[in-house]
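1. Please work out how this folds:
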Amino acid sequence: MTLTVREARADEYEEVARLTVEAYEEYAASLSDESWEHYRSDLADVAGRAGKGQILVAEDGDHLLGAVAYYPPGPRPGGVDWWWWPEDYAYFRALAVHPAARMRGVGRALALACVQRARDQGASAIALNTTSVMPVAQAMYERLGFRQLQEGAPESWSEVGLMFYVLELSRDGARRS
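-> Numbering: from 1, shown residues only. Take a look at the predicted model:
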């Protein structure tokens, strides 16, 4: 497998939306029907995420295997879901790997691409949220050096146990201990 991570093109947003929803469908049973429909709609809104950040995709040849939304450090655009993180933090969300491509390093490559962008843009840290029903994601983030915070946003998504992770970055690009 030759994996490449790059910015998605607008003409790929529909495919990215399908891939993202399919990647998250296994978690639908953890939510009420109403909550899943709201989350599904949010996951499918790739253009909305792109309007506030960047959509990165992982591909092997001409096959999209995964995607993530990356948000650079700086002032927060209106209506963002991560407003509680400091402005000098980068943030990423909706990291999705097609079920057939899991356990092949796709999620790791996407997360590391976000970390590198954050470093290049001078972020003091990069943050993310995941949920208690996503133990594989939690383990990957922890292997990459992210640490779970005990406190995060003033409100949590109680149905699935919203979790807060951060990776502090030094100004010279090295990870802080």
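2. ok, now which ones touch the residue nearest to Leu144 when sequence neighbours are not counted?
-> Distances taken as CB to CB, 6 or more residues apart in numbering place Ala111 nearest to Leu144, at 5.9 Å, with adjacent residues excluded. Just so you know, the C-beta spots here come from the backbone N, C-alpha and C atoms, and that holds for glycine as well. Neighbouring residues of Ala111 by CB atoms under 8 Å, 6 or more residues apart in numbering: 68, 92, 95, 140-141, 144.
3. Equivalent analysis for Arg143, please.
-> So Arg143 contacts nothing (CB under 8 Å, 6+ apart).
4. Identify the bridge partners of the residue nearest in space to the middle of the chain.
-> For the chain, Arg93 is the residue whose C-alpha lies nearest the centre (CA atoms, centre = their mean; 2.5 Å). For Arg93, the beta-bridge partners under DSSP bridges are Ala69.
5. Surely it is in contact with Leu128?
-> Yes. Arg93 is in contact with Leu128 according to CB atoms under 8 Å; the separation is 6.3 Å.
6. which residues of this structure fall in helices?
-> In the chain, the helices defined using DSSP state H lie at 13-24, 33-44, 46-50, 106-120, 135-143.
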